[in-house]
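K.L.:
test case, fold it:
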Amino acid sequence: MSIINEIQKALFAKQDLKFKAFHSKLIPTTDAKSIIGVRTPDLRAIAKEFANHPDVEKFLTTLPHKYYDENQIHAFILSLIKDYDDCVSHIDVFLPYVDNWATCDQMRPKVFAKAANRKRLLKDVERWMKAPVTDVYTVRFGIETLMSFFLDDDFDPKFLKWVAKIRSEEYYLNMMVAWFFATALAKQYEATLPFIENHALDTWTHNKTIQKAIESYRITDEQKAYLKTLKL
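P.N.:
Sure, this is the predicted structure:
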């Protein structure tokens, strides 16, 4: 039995039809027929089981996958790769096949968290973010990675300019921009606030940023009250 068949067998063994019905509504960009319906803890367990399989490269290079759940397994396996260059190389191959926010956002490689890799990661983040906005999930992945790893000790105000320049009609890209700026307000309020005050974002994204910031427990009541006055 090929590794692809093995993984599919493992997935169907954990199928939850009620979860499939629920989850399908959350990822409307994905064909519901491609969704097996496996919960995230089970997906992670299956990914961990197959990450060191001798034929794992066969699975990672046989694209596109038939099932959404296989994409999830793929993302979780990539997140376990310990060598930075190997991880990024596989990500670059996979990103053109990512077609939904869940697969994009749950691909969080552990190797990215290592301080020794930050300079290289920042260059790759900038490269992903400079992809055509039609490559929605490549750009989204770049923004999400910047948000996850560069809004704390490694923060630089120029990162805000990078994201503010992105213009798109794509809902899932604009939503990520809003999420980024709402998180930036929570972590780097003084540096981020002028981007809201000066309307550096398009109107929809501007208002969505404020909405998400107001919902955050990391934003003070005083800050929330002021942000409400900045809605367009």
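K.L.:
separation between the spatially closest residue to S79 that is not a sequence neighbour and L121?
P.N.:
Once flanking residues are discounted, S79 sits nearest to P109: 4.9 Å by CB to CB, 6 or more residues apart in numbering. Where you see a C-beta, it was placed from the backbone N, CA and C, and this is true even at glycine. P109 sits 9 Å away from L121, going by CB to CB, to the nearest Å.
K.L.:
with only the CA atoms kept, save the biggest helix by length in the chain in CSV.
P.N.:
Counting by DSSP state H, the longest helix found in the chain is helix 171-187. The C-alpha trace of helix 171-187 is given here as CSV (Å, rounded to 0.1, in the frame of the first residue of the first chain):
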residue,chain,number,x,y,z
TYR,A,171,-11.7,38.7,1.6
TYR,A,172,-9.3,36.2,3.2
LEU,A,173,-6.3,38.5,2.5
ASN,A,174,-7.9,41.6,3.8
MET,A,175,-9.1,39.8,6.9
MET,A,176,-5.5,38.7,7.6
VAL,A,177,-4.3,42.4,7.2
ALA,A,178,-7.0,43.4,9.7
TRP,A,179,-5.9,40.6,12.0
PHE,A,180,-2.3,41.7,11.7
PHE,A,181,-3.0,45.3,12.6
ALA,A,182,-5.4,44.4,15.4
THR,A,183,-2.6,42.2,16.9
ALA,A,184,-0.1,45.0,16.3
LEU,A,185,-2.3,47.4,18.2
ALA,A,186,-2.3,44.9,21.1
LYS,A,187,1.5,44.5,21.1
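K.L.:
list the buried residues in that helix.
P.N.:
For helix 171-187, the neighbour count (16 or more other CB atoms under 10 Å) marks 172-186 as buried.
K.L.:
and these, which is closest to A131?
P.N.:
Checking the buried residues of helix 171-187 against A131 with CB to CB, the nearest one is L173 at 10.8 Å.
K.L.:
wait, what's in contact with that closest one?
P.N.:
V133, V136, V139, R140, I143, I166 (CB atoms under 8 Å, 6 or more residues apart in numbering).
K.L.:
apart from its chain neighbours, what residue comes closest to it?
P.N.:
In space, L173 is closest to V136, 5.2 Å off (CB to CB, 6+ apart).
K.L.:
so how many other residues sit close to the one you found?
P.N.:
A count of nearby residues for V136, using other CB atoms under 10 Å, gives 22.
K.L.:
okay but it is in contact with E169, surely?
P.N.:
No: taking contacts as CB atoms under 8 Å, V136 lies outside contact range of E169: 10.2 Å.
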